[in-house]
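Starting from these lines, generate the structure:
(2 chains)
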Amino acid sequence: MAMRAMQEATFMILTALANGSQHGYGIIADVRDISGGQVRLRAGTLYTALDRLRADELIAVDRQEVVDGRLRRYYRLTPAGTRQLADEAARLQAHAAVALKRLDLAGGMAT
Amino acid sequence: MTDHEHLERAYRRLLAWYPREFRRENGQEILAVLLAGAPHGQRRPGLAESADLIRSGLWLRLWPSVPRSARTVRAAVKLMYAGAAVSTVNLVILLALTVDIKGSASWLNTPFIPVSIAWSLAPLALWLWMARETGRGRNWARIVSTVLFSAATLDLTEVFGPPGIRLSLVPVIAGSPTVPVLYWLVGLAVVWLLWRPASSAFFRPPGYTQAQHQAQMAEFDHQAQMAELARIRARVPRQA
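Sure, this is the predicted structure:
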């Protein structure tokens, strides 16, 4: 089956979790950091994506804590999630490499 | 009421757009994230933020998340949406035919036209309703789907009878049996998938949440992780 491109929000959420388990707000903050402030996830989008990713078994609940009387869940990547993120990252890298090469931006091309 | 309480109440109202099960499981957490992200002194949610919550809530209501472990149910839900698509096409054709007939409408079919259009909305609504409730793991939806399929089977026997406009669950297009049979086959596949043993594990008594399902799957997940680890270890050459 042809691989469908992953949505950017999904890619960023999985990337945030690649460093270890995080809770919802932690993911939003991390995604903002790694994208240099470019990607700002909204709570609605985040939790819809987390729900889908859990159903797809790409992420799972790592642990739960109660903070200020509210439940806080920490999510982590599953083996399938790790694999999918690695595949998507490789795919994006390959595409970016071609683009940079054609634009003559990759190091060592200009002579 | 403080600004904070005011804001919290507004967010709670917006969360009503989400399905109840989702709210029960994630509501508190989303609320905490929303409040943590709000600048000090904010009294009401921003427009973009509200739109995001409403859109996400409606999206989840329309397309419930079916766990990957329940593959058969996932396939059944997809087929039900395919059935809904066929119903839509049928409805469009029926409307086009109606416009055609109207010029030469006989006394017999004139009052019948609005009724048959209204009636052909029923299968569309039933497909969508069943897809949604099945996706949410409602066991009654599985039973109702099966009953509807039986009714459609009875209808199908009529398709091969004399031509004419009838009230039927199976779409009738210009006397050709291809579409009704195709439609019926989709129904057959759905019912078969819904009663597979793999599906039965997904249909649980009310109150069964994804969290509970996840807990059940945790053991399975643990085994998968161990297997993955063993694979990775096998790939790394041992140091002498």
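
how about the nearest residue to the residue most central in space within chain B, chain neighbours excluded?
Nearest residue to the geometric centre of chain B (CA atoms, centre = their mean): residue B:132, 2.9 Å. Counting by CB to CB, 6 or more residues apart in numbering or on different chains, residue B:132 lies nearest to residue B:64, which is 6.3 Å off, once chain neighbours are set aside. From N, CA and C alone the C-beta is placed, and that goes for glycine too.

Just to be sure, the one you found is in a strand?
No - per DSSP: H, G, I helix; E, B strand; the rest coil, residue B:64 lies outside any strand segment and is coil.

Residue A:52 and residue B:126, how far apart?
As judged by CB to CB, to the nearest Å, residue A:52 and residue B:126 stand 26 Å apart.

try residue A:93
Going from residue A:93 to residue B:126 by CB to CB gives 47 Å.

Those two: which is more packed in?
Remark: of residue A:93 and residue B:126, residue B:126 carries more neighbours, 19 against 10, as counted by other CB atoms under 10 Å in any protein chain shown.

Hmm, residue B:151 and that one touching each other?
No - assessed by CB atoms under 8 Å, residue B:126 is found out of contact with residue B:151, at 10.1 Å.

low-confidence ranges in chain B?
Low-confidence segments of chain B (pLDDT under 70): B:1, B:98-113, B:116, B:158-177, B:204-226, B:228-229, B:232-233, B:235-240.

can we see that at 50?
Within chain B, the stretches with pLDDT under 50 are B:107, B:165, B:174, B:206, B:239-240.

hey, where'd the helices end up in it?
B:3-15, B:20-37, B:47-62, B:71-102, B:112-135, B:139-159, B:178-194, B:197-200, B:210-235 (DSSP state H).

got a list of what the spatially closest residue to residue A:52 that is not a sequence neighbour touches?
Distances taken as CB to CB, 6+ apart put residue B:65 closest to residue A:52, at 5.5 Å, once the chain neighbours are dropped. Shown in contact with residue B:65 (CB atoms under 8 Å, 6 or more residues apart in numbering or on different chains): A:51, A:52, A:54, A:55, B:135, B:210.

so which of those residues comes closest to residue B:227?
Residue B:227 lies nearest to residue A:54 out of the contacts of residue B:65, by CB to CB, at 20.6 Å.

What pLDDT does the model give that closest one?
Looking at residue A:54, its pLDDT is 91.

Number of residues surrounding it?
Close neighbours of residue A:54, defined as other CB under 10 Å, add up to 24.

Torsion angles phi and psi at it?
The phi and psi torsions at residue A:54 (degrees, to the nearest 10) take the values phi -70, psi -40.

Repeat that for residue A:70.
The phi and psi values for residue A:70, taken as degrees, to the nearest 10, are phi -120, psi 140.

Tally up the residues packed near residue B:16, please.
Residues near residue B:16, counting by other CB under 10 Å, number 12.

Report the separation between it and residue B:57.
Taken as CB to CB, the span from residue B:16 to residue B:57 is 8 Å.

go on, residue B:69?
Distance, residue B:69 to residue B:57, by CB to CB: 25 Å.

Check residue B:86 too.
When distance is defined by CB to CB, residue B:86 is 28 Å away from residue B:57.

who has more neighbours, those two?
residue B:57 (21 against 18).

Just to check, the more buried one is in contact with residue B:18?
Yes - between residue B:57 and residue B:18 there is a contact under CB under 8 Å: 4.0 Å.

All good on my end, thank you.
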